[in-house]
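Colleague: sharing a model prediction with you, sequence too.
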Protein chains: 2
Amino acid sequence: MALSKAVAENTEVGRAGILDAAALLFGRHGYGAVSLRMIAEAAGIKAGSIYYHFASKDAIIAEILDVGIRAVHDEVRDRITALRADASARDVFRAVLRGHLYALLEHGDYTSANVRIFGQVPPAVRNANLPVRRAYEGFLDDLLSDLQASGAISSDVNLPRFRLLLIGALNATLEWFDPQKGGAEALADDYADIILNGVLAKTGDKT
Amino acid sequence: MALSKAVAENTEVGRAGILDAAALLFGRHGYGAVSLRMIAEAAGIKAGSIYYHFASKDAIIAEILDVGIRAVHDEVRDRITALRADASARDVFRAVLRGHLYALLEHGDYTSANVRIFGQVPPAVRNANLPVRRAYEGFLDDLLSDLQASGAISSDVNLPRFRLLLIGALNATLEWFDPQKGGAEALADDYADIILNGVLAKTGDKT
DNA sequence: GTCTATATCTGGATAGAC
DNA sequence: GTCTATCCAGATATAGAC
């Protein structure tokens, strides 16, 4: 019996337990479909007790949204930082996609909850999450901008638009990804190849 | 006063009016946030009257989801059919993206409602929409398969995965598209260029 | 085909005991 | 810090008049 009481009962205590339970439920069922009573049950407490830790349902959502974005941002930043100084553009690009998809698909209910419910929450909650979103988007824009300045990414590419295409394609994987049919990092490399090279057959190719 | 009563009052009558109002509201605010009272008010009737036309809220949703997919499917199919026999692979690909984005972004609350709320509706409603979805996916897969068989799309590309990337990127445009900053078809062509050519600078390029 | 009125349920949130 | 009990608003859905 080396398991902690929390793990053994599949619940966690207090604030953190409520947040974890809520993130899981929101990501699975959507904002409107999850009640405070459901969250309380999953956390192993009663609904009324939630209000000792949070002022409202929206306060819970708001925190989950912020944590979710920071988790991807941190994961991608760490992987970029860990690259060697002579890393190629393909290496950098792969690190971004691997970090983003790993955080989204295999590590963290908060990130997937963010992607799924951001469009469903009240406008005030959405607005509160915007600064954290903008920070991540700015980080990606800077990265892509460097790649274009160095000549790796074609100067024809409209970067803001390309970033939207990229993030849209990555986040959409959440709807169909099945970890039993291959990991997030293999998927990231496939996506990186398609987006870097394009799908058109090269006329001089004879592989 | 050549305007019909329905147009003048910004409402439509009966079944079609309820569906139109519901599609608009669901697409804007999400499944859980839209009540029958809101739909009724937008349609110019009272909530109870809805039950003369529909058995339940879910029956309304189910019909909207199906119509939404058929609208994209029809739009894309018509554009492909209208192509000349000697159309290039780029022409075909552009027609797909233009049709999909036009139906999604500029023509039809049903399609955008589908993309936005599909993940929020009860499982039974989702399942009911699957055959129509599968038909559109199959249509796209056949099209891409032809392009690959003819040598236009590289044989390295995993088609089912590429289709998921493509649809994911296209549907995500709904979250940020602003018709005042350029139309859906210009956006489609930009996306087509990025995906066909890739973003990597060609080493022999000197445009 | 639409109305009014209402039954029934479930949601978020609060108060006070322990 | 969690409980029980409850208030109140809003939801879907129904019944019957017109």
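Modeller: Structure received. Residues are numbered from 1 along each chain as shown, chains lettered A, B, ... in the order given.

Colleague: for chain A, which residue gets nearest to chain B?
Modeller: For chain A, the nearest residue to chain B under the criterion CB to the nearest CB is A:Gly32, separated by 2.0 Å. From N, CA and C alone the C-beta is placed, and that goes for glycine too.

Colleague: in this structure that residue contacts B:Gln120, no?
Modeller: Yes - when contacts are counted by CB atoms under 8 Å, A:Gly32 is listed as touching B:Gln120 (6.8 Å).

Colleague: need the overlap of contacts for these two.
Modeller: Residues touching both A:Gly32 and B:Gln120 comprise A:Gln120, B:Gly30, B:Tyr31, B:Gly32, with contact defined as CB atoms under 8 Å, 6 or more residues apart in numbering or on different chains.

Colleague: in those residues, find the pair that's most separated.
Modeller: Maximum pairwise distance among those (CB to CB): 8.1 Å, between A:Gln120 and B:Tyr31.

Colleague: how close does A:Asp86 get to A:Arg77?
Modeller: With distances taken as CB to CB, to the nearest Å, A:Asp86 is found 19 Å from A:Arg77.

Colleague: between these two, which is the more surrounded one?
Modeller: When A:Asp86 and A:Arg77 are compared for neighbours, A:Arg77 comes out ahead with 16 against 6, by other CB atoms under 10 Å in any protein chain shown.

Colleague: what about A:Gly108, neighbour count?
Modeller: Using other CB under 10 Å, A:Gly108 has 19 other residues around it.

Colleague: gap between it and DNA strand C?
Modeller: Distance from A:Gly108 to DNA strand C, counting by CB to the nearest atom of the strand, to the nearest Å: 23 Å.

Colleague: contacting residues for that residue?
Modeller: Here A:Gly108 is in contact with A:Gly68, A:Ala71 (criterion: CB under 8 Å, 6+ apart).

Colleague: just A:Ala152 next, same as before
Modeller: With contact set as CB under 8 Å, 6+ apart, A:Ala152 has these partners: A:Ser88, A:Ala89, B:Leu200, B:Ala201.

Colleague: cool, and A:Asp66?
Modeller: Taking CB under 8 Å, 6+ apart as the definition of contact, the neighbours of A:Asp66 are A:Ala128, A:Asn129, A:Val132.

Colleague: and the residue of chain A closest to chain B, what does it touch?
Modeller: When contacts are counted by CB under 8 Å, 6+ apart, A:Gly32 is found next to A:Gln120, B:Gly30, B:Tyr31, B:Gly32, B:Ala33, B:Gln120.

Colleague: how many neighbours does the second one have?
Modeller: The tally of other residues near B:Gly30 (other CB under 10 Å) stands at 21.

Colleague: before we move on, what about A:Ala95?
Modeller: A:Ala95 has 23 neighbouring residues, counting by other CB under 10 Å.

Colleague: shouldn't it be in contact with A:Thr81?
Modeller: No - the pair A:Ala95 and A:Thr81 does not pass the contact test of CB under 8 Å, sitting 9.4 Å apart.

Colleague: where do the helices of chain A begin and end?
Modeller: Shown for chain A, the helices assigned by DSSP state H span residues A:5-8, A:14-29, A:36-43, A:50-53, A:57-81, A:89-101, A:109-117, A:123-149, A:159-172, A:184-197.

Colleague: what does the second one rub up against?
Modeller: The one in question is helix A:14-29. For helix A:14-29, contacts defined as CB under 8 Å, 6+ apart pick out A:6, A:11-12, A:34, A:38-40, A:42-45, A:50, A:53-54, A:60-61, A:63-64, A:67-68, A:109-110, A:112-113, A:116-117.
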